[in-house]
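Q: Build me a model:
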Amino acid sequence: MISVAEELIDRITAAIHYLRVGKPVGPIDMPADLPDNEIRQLITYVNRFLVEFNAVSKALGQMAVGELNIPRVASRMEVVQSLKTLQSNLTHLTWKTQQVAAGDLEQKVDFMGDFSIAFNSMTQQLKDSREQLLRLNEQLEARNRFIRETFGRYTSDDIVEVLLDMPEGLRLGGEKREVTILMSDLRGFTSMVERLEPTTVVALLNHYLSAMIEVIQHNGGTIDEIIGDAILVLFGAPVQMPDAALRAIRAALQMQQAMQQVNAHNARQGWPEISMGIALHTVNLTGRIESYTLGGQVLVSPSLMQAAGPGLILGEEVKVSAKGMPEPLLCRELLGHEAYPELSLAVPESQLMMLPIPVPCSMIKLTGKQLDNQEHPATLRGVAPGQAVLATACPLEQYSNIIVRLEGGTGQDAPELYAKVIRFFEEPEGCCVLHFTSVSPAMQVQLDRLMGKSE
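A: Here you go, the predicted structure:
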């Protein structure tokens, strides 16, 4: 049989073995009858060591899973001091990390060797990344501000939001794209301005433009330019639209209908009635086409008609000639669209009244905005609201612009009107129909008298 001393030595050996492999070990039972000898003293020291070791091991296990608020370890082992240092460092590091998480990227660590280097490198990278994000955010805000300031006033909110969401933004250099161009202009506006006070002109123009801009934005158009009374609108840019041509058509019809409310407002303010011509095209001849339009009229080009597809309600054909074109462009008057019957433009019935006695007058040709400074004799043969029949020996071209003057009065009191030649009579030769673009007050009095409207 193994003696008691040998059995206790085996227990001590087993305890030391378990300590070596990292397994927790409880105190060794001390036999009550064990004499006070070397074995009792050895077991006493081993048990003291086990108690302190187990406390240190438990503390390390808690710290390993992130529990830093551990009770104070009562031990005189040197490792305990290292444990306390580690606990303090980890607690301080946790606080530092919390400060970084709260946005303080100036935190540094200098008490954990290589880990301190890694921590400081991390905070520096976070700081650099934040500064880069701030710069990018400033650039994004500047881009969005530019888009809103550039397009916000003359473009619908929906298009502005699309531009803001486009990853490529406004691509420098642009891209090739087919767009529909709408160009509108007031007829006879230049001559009308000469007869009005500047404050009246500004108020009239602002009210007119506000009404037109509302219609344009409602249909998704982008106003590229406003020059005086002329408006240049793009459909299909900067945001691509598969139905750009149809949107432009709808906008043009609504703009002409909106002129009724514009002129009703003008009448209430004591301002003159105004009329507008509109041209639609898919390339850069829109300005030339617009010069052929009459007040209240919309002209569309062949390419626009093709892009818009079926459903257009078209009127007379208008031949538009431009420099560099081998043949005239065969445009058509737009009267409406089958899909939008409420937007149809009424065709005015001819109310020309031939005069029993022709009225002598003079006629001056206009080339662009310039006069040819030569008056040609002519006579008024017929009148109607907004139109007249003129006879002259001077050769005129269809859609040319002229000034007609009656005798009497000078300057603003001169009875004169601006008009466009819209068609010719076969008989008598030299007679043509004029469409008025601007009429002076003195001329309007004379025309009313000729039509029997004056008292």
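
Q: Looks like residue 375 contacts residue 361 (just checking).
A: No. In this structure residue 375 lies outside contact range of residue 361 using Cβ atoms under 8 Å: 9.6 Å. To be clear about C-beta, it is placed using only N, CA and C from the backbone, and glycine gets the same treatment.

Q: can you give me the end-to-end distance of stretch 293-301?
A: From the first residue to the last, stretch 293-301 extends over 12 Å; the measure is Cα to Cα, to the nearest Å.

Q: Please compute how far that stretch lies from its chain's middle.
A: Remark: stretch 293-301 is offset 29 Å from the chain centroid, using Cα atoms, centre = their mean, to the nearest Å.

Q: ok, now stretch 90-103?
A: 44 Å.

Q: coming back round to it: what do residue 375 and residue 361 both touch?
A: Jointly contacting residue 375 and residue 361 under the rule Cβ atoms under 8 Å, 6 or more residues apart in numbering are residue 405.

Q: Looking only at neighbour counts, state which of the two leads.
A: Shown here are residue 375 and residue 361; by other Cβ atoms under 10 Å, residue 361 has more neighbours (24 against 15).

Q: Please work out which residues outside the helix or strand hosting the more buried one touch it.
A: Using DSSP states H and E, residue 361 sits within strand 353-367. Residues from elsewhere that reach strand 353-367 (Cβ under 8 Å, 6+ apart): 371-384, 389-392, 394, 396, 400-407, 418, 450-451.

Q: hmm, which of the residues you listed are the buried ones?
A: Among the contacts of strand 353-367, those classed as buried by neighbour count (16 or more other Cβ atoms under 10 Å) are 376, 378-384, 389-392, 396, 401-406, 418, 450.

Q: List every C-alpha atom in stretch 30-50, with coordinates, as PDB.
A: Provided in PDB are the C-alpha atoms of stretch 30-50 (Å, rounded to 0.1, in the frame of the first residue of the first chain):
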ATOM      1  CA  MET A  30      -4.700  18.500   3.900                       C
ATOM      2  CA  PRO A  31      -5.100  15.300   6.000                       C
ATOM      3  CA  ALA A  32      -6.100  16.200   9.600                       C
ATOM      4  CA  ASP A  33      -3.600  13.700  11.000                       C
ATOM      5  CA  LEU A  34      -0.700  14.900   8.900                       C
ATOM      6  CA  PRO A  35       2.200  15.700  11.200                       C
ATOM      7  CA  ASP A  36       3.900  19.100  11.000                       C
ATOM      8  CA  ASN A  37       6.600  18.100   8.700                       C
ATOM      9  CA  GLU A  38       8.000  19.100   5.300                       C
ATOM     10  CA  ILE A  39       5.000  17.600   3.400                       C
ATOM     11  CA  ARG A  40       2.500  19.800   5.400                       C
ATOM     12  CA  GLN A  41       4.700  22.900   4.700                       C
ATOM     13  CA  LEU A  42       4.900  22.000   1.000                       C
ATOM     14  CA  ILE A  43       1.100  21.600   0.700                       C
ATOM     15  CA  THR A  44       0.500  24.800   2.600                       C
ATOM     16  CA  TYR A  45       2.700  26.800   0.100                       C
ATOM     17  CA  VAL A  46       1.300  25.000  -2.900                       C
ATOM     18  CA  ASN A  47      -2.300  25.800  -1.800                       C
ATOM     19  CA  ARG A  48      -1.400  29.500  -1.200                       C
ATOM     20  CA  PHE A  49       0.100  29.600  -4.700                       C
ATOM     21  CA  LEU A  50      -3.000  28.000  -6.200                       C
END
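
Q: Name the residues that touch that stretch?
A: Contacts with stretch 30-50, where a contact means Cβ under 8 Å, 6+ apart, come from 4, 5, 8, 9, 12, 15, 16, 19, 25, 26, 27, 28.

Q: In PyMOL, select just the buried ones from these.
A: The buried residues among the contacts of stretch 30-50 can be selected in PyMOL (16+ other Cβ under 10 Å) with this line:
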select buried, resi 8+12+15+19+25+28
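
Q: tell me which of the contacts of stretch 30-50 is nearest to residue 226?
A: Nearest to residue 226, judged by Cβ to Cβ, of those is residue 19 at 91.0 Å.

Q: helix, strand or coil for that closest one?
A: helix (DSSP: H, G, I helix; E, B strand; the rest coil).

Q: can you tell me which residues contact it?
A: Residue 19 neighbours (Cβ under 8 Å, 6+ apart): 25, 50, 53.

Q: Can I get these in TSV including pLDDT, secondary structure and distance to residue 424?
A: Below are the contacts of residue 19 laid out as TSV (pLDDT from 0 to 100; DSSP: H, G, I helix; E, B strand; the rest coil; distance: Cβ to Cβ, whole Å):
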residue	pLDDT	secondary structure	distance to residue 424
25	75	coil	122
50	75	helix	124
53	75	helix	120
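
Q: Can I get the helix or strand where residue 6 lies in PDB? Just the C-alpha atoms.
A: Following DSSP H and E, one finds residue 6 within helix 4-21. C-alpha atoms of helix 4-21 as PDB (Å, rounded to 0.1, in the frame of the first residue of the first chain):
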ATOM      1  CA  VAL A   4       0.200   8.800   3.000                       C
ATOM      2  CA  ALA A   5       3.400  10.900   2.100                       C
ATOM      3  CA  GLU A   6       3.700   9.300  -1.300                       C
ATOM      4  CA  GLU A   7       0.000   9.900  -2.100                       C
ATOM      5  CA  LEU A   8       0.300  13.600  -1.100                       C
ATOM      6  CA  ILE A   9       3.400  14.000  -3.200                       C
ATOM      7  CA  ASP A  10       1.400  12.500  -6.200                       C
ATOM      8  CA  ARG A  11      -1.400  15.100  -5.600                       C
ATOM      9  CA  ILE A  12       1.200  17.900  -5.500                       C
ATOM     10  CA  THR A  13       2.800  16.600  -8.700                       C
ATOM     11  CA  ALA A  14      -0.600  16.400 -10.400                       C
ATOM     12  CA  ALA A  15      -1.500  20.000  -9.300                       C
ATOM     13  CA  ILE A  16       1.700  21.300 -10.800                       C
ATOM     14  CA  HIS A  17       1.100  19.300 -14.000                       C
ATOM     15  CA  TYR A  18      -2.400  20.900 -14.400                       C
ATOM     16  CA  LEU A  19      -0.900  24.300 -13.700                       C
ATOM     17  CA  ARG A  20       1.600  23.700 -16.500                       C
ATOM     18  CA  VAL A  21      -1.000  22.800 -19.000                       C
END
